[in-house]
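Trainee: Just need the structure, nothing else, for what follows:
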Amino acid sequence: MDVKLKNFLGMKPGKYLFILYSILLLVILFFLLVYPGLKNSGSVVIFSSDPEGTSVWNGSTYVGATPCRAFFPKGNYTIAFKKNGFEEKELSIQVKGRIFCSKLLPKKLRVNEQLALTQPDSIIQNAYTEFATYGLINSFSERYQPQPVLTEAVKALAKYKDKAMLEAFLLEALKNAYSDYLLKDFINAYALLKEGKLPAQGDNDLAAAAVRLLGGRSEAICHLCACPGKIGEAAASLAGTPQPALVASIDPKTGGLKVLGMELTEVSAGTYILGHQGKSGPFAEADPAPYTKQITKFYISEQITKDAYTKFAQANPRWAEKPEFNQESPDKVHASNVSWYAAQAYCSWLTDQLPSEYKGRYIFRLPTEYEWEAYAQNGKESPQKLWDWCQNWYASAEVFYTDNVPESFAGAEKAVRGGGRQAWVRGCQSPEWVTPFLGFRVVLVEK
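Mentor: This next block holds a predicted model:
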């Protein structure tokens, strides 16, 4: 065996193996250092922009959001920079390449663009809409968190001169923040606007920064202190005020409230399908075709109990109504034999009981038919025997469900809903009428 190796190509085994390993090393170095450059010569292009977060496009292909980088083969390209509210820019770039060591030490090309602000209102509107949408969600977690839309909006509008407009926008957006995640976004954005830098990220640091920056804005601080979670608690402690009873009792899972001893159910803002989903009822008035209606968020109570109404009547004897007949109510618990006017008076009385910091901001009133049906058709209506007074005057279904009722409309009778019927079934009564089959519930809304 030794003889054969010794005689192979006239070389000794040691020399033969050295040459073999050298060739192998050269092949490896070729494929590592040269072949990538021959096969795909190009450069890493590094994109940056003012503002950051601008999307970069190579023709119809999305590259990324600045700052970002991507490898481009050698050639000429048309690059577009796009961001909502800013001018769109296009530029041509020439990408060069290198052959040797292109994989380990690629050639780099830096591209930076500055975009002019053209539509600040569009940025504000989109940020507010997205933030308000997040405000309807109660299930944020470490895995699923909202995007910092307010902070990004303030960054994008750093050169916007109308700072008062930006501050008003942020304070309005704060009303939709009911979680620590959204509060952090608001506080970061507000600090960035007022001081040009982000605050520390601890809950107490964030709360302290917010209380300090908000200064004498009692309404904003009140909302901040009332929010559930660590930041709300820290803000309440720093502000030296207890969490107000109205908002402090928010159930983070259901969004419901407990106010003045009443359990209120949240009905989220959105577009609701009202009316009947099929055409199979015996009465045209009770069987309208499906109809969509935009509803603003509100909180609604269960039917007002006899005990609750008695407290009101004792404080306001003129509303201790006495029906002209002695027919027994089918409901032993909830108030009936109450006129529409008395129900309205109860709402005004209840509004007066709100904590001082909420007076002038929130009111109790009767639900409109639209609100009542949005509540009932979304699985939130509890079994009931009584009808409910509604806020609005009664109009025919063909007018009511096409949203053609003028604001000044005043009919002869007030609308009523419920009575154990389907959610879309409507009725009406004279506002002064009292009956053992008719009660009411209330809604809490922002004024």
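Trainee: Start and end of stretch 435-446, how far apart?
Mentor: 31 Å (CA to CA, to the nearest Å).
Trainee: give the contact list for residue 90.
Mentor: Residues in contact with residue 90 (CB atoms under 8 Å, 6 or more residues apart in numbering) are 78, 79, 80, 81. To be clear about C-beta, it is placed using only N, CA and C from the backbone, and glycine gets the same treatment.
Trainee: Separate out the buried members of these.
Mentor: 79, 80, 81 (16 or more other CB atoms under 10 Å).
Trainee: of those residues, closest to residue 96?
Mentor: Closest approach to residue 96 among these (CB to CB): residue 79, at 15.4 Å.
Trainee: So which other helices or strands are in contact with the host helix or strand of the closest one?
Mentor: Taking DSSP states H and E as the definition, residue 79 sits inside strand 75-82. On a contact count with 3 or more CB pairs under 8 Å, 6 or more residues apart in numbering; DSSP states H and E, strand 75-82 meets strand 42-50, strand 55-58, strand 89-95.
Trainee: Could you report the neighbour count for residue 296?
Mentor: Neighbourhood size, residue 296 [other CB atoms under 10 Å]: 12.
Trainee: I'd guessed it sits against residue 270; true?
Mentor: No. Using CB atoms under 8 Å as the test, residue 296 is too far from residue 270 to be in contact (9.3 Å).
Trainee: I'd like to know which elements the one helix or strand residue 265 maps to is packed against.
Mentor: According to DSSP H and E, residue 265 maps onto strand 262-267. With contacts defined as 3+ CB pairs under 8 Å, 6+ apart, the packing partners of strand 262-267 are strand 257-259, strand 298-301, helix 369-375.
Trainee: Among these, pick out the one with the most neighbours on average.
Mentor: helix 369-375 (a mean of 25; mean count of other CB atoms under 10 Å).
Trainee: and for that helix, what are the contacting residues?
Mentor: 265, 267, 272, 274, 293, 295, 298, 300, 367, 381, 388, 390, 392, 400, 415, 417-418, 423-424, 426, 443.
Trainee: List the residues that contact residue 297.
Mentor: 266, 267, 268, 269.
Trainee: between the residues you listed, which has the most around it?
Mentor: Neighbour max across the contacts of residue 297 (other CB under 10 Å) = residue 267, 23 neighbours.
Trainee: What pLDDT is listed against the nearest residue to it once chain neighbours are set aside?
Mentor: Sequence neighbours aside, residue 375 is the residue nearest to residue 267 in space, at 5.1 Å (criterion: CB to CB, 6 or more residues apart in numbering). Here the pLDDT value assigned to residue 375 is 91.
Trainee: before we move on, what about residue 328?
Mentor: 68.
Trainee: thinking again about what came up before, could I get the buried ones among the contacts of residue 90 in CSV, plus columns for distance to residue 126 and pLDDT?
Mentor: Shown next, in CSV, are those (distance: CB to CB, whole Å; pLDDT from 0 to 100):
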residue, distance to residue 126, pLDDT
79, 24, 94
80, 20, 95
81, 18, 95
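Trainee: Please convert these to a markdown table, extending it with distance to residue 89.
Mentor: Output for these, formatted as a markdown table (distance: CB to CB, whole Å):
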| residue | distance to residue 89 |
| --- | --- |
| 79 | 9 |
| 80 | 7 |
| 81 | 5 |
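Trainee: shouldn't residue 425 be in contact with residue 417?
Mentor: Yes. Between residue 425 and residue 417 a contact is recorded at 7.4 Å, counting by CB under 8 Å.
Trainee: Which parts of the stretch 51-200 of the chain are strands?
Mentor: With strands called from DSSP state E, counting those that start in this stretch, the stretch 51-200 of the chain shows them at 55-58, 61-65, 68-73, 75-82, 89-95, 107-114.
Trainee: what's the angle from the fifth one to strand 75-82?
Mentor: Spelled out, that is strand 89-95. Relative orientation of strand 89-95 versus strand 75-82 (axes from the mean of the first three to the mean of the last three CA atoms, to 10 degrees): 150 degrees.
Trainee: phi, psi of residue 141?
Mentor: phi -150, psi 180 (degrees, to the nearest 10).
Trainee: count of residues packed around it?
Mentor: 7.
Trainee: Then residue 190?
Mentor: Neighbours of residue 190 (other CB under 10 Å): 25.
Trainee: Could I get the contacting residues of it?
Mentor: 167, 170, 210, 213, 214.
Trainee: Check those and tell me the two furthest apart.
Mentor: 167 and 210 (13.3 Å).
Trainee: now residue 74, nearest residue through space, not along the chain?
Mentor: Closest to residue 74 by CB to CB, 6+ apart is residue 97, at 4.0 Å.
Trainee: Which segments of the protein make up each domain?
Mentor: 2-38, 40-114, 120-243, 257-446 (automatic domain parsing).
Trainee: average pLDDT across the shortest one?
Mentor: By that I understand domain 2-38. Domain 2-38 comes out at a mean pLDDT of 64.
Trainee: try the third one
Mentor: Looking at domain 120-243 alone, the average pLDDT works out to 82.
Trainee: which of the contacts of residue 297 lies closest to residue 65?
Mentor: For these, the nearest to residue 65 is residue 269 (29.9 Å; CB to CB).
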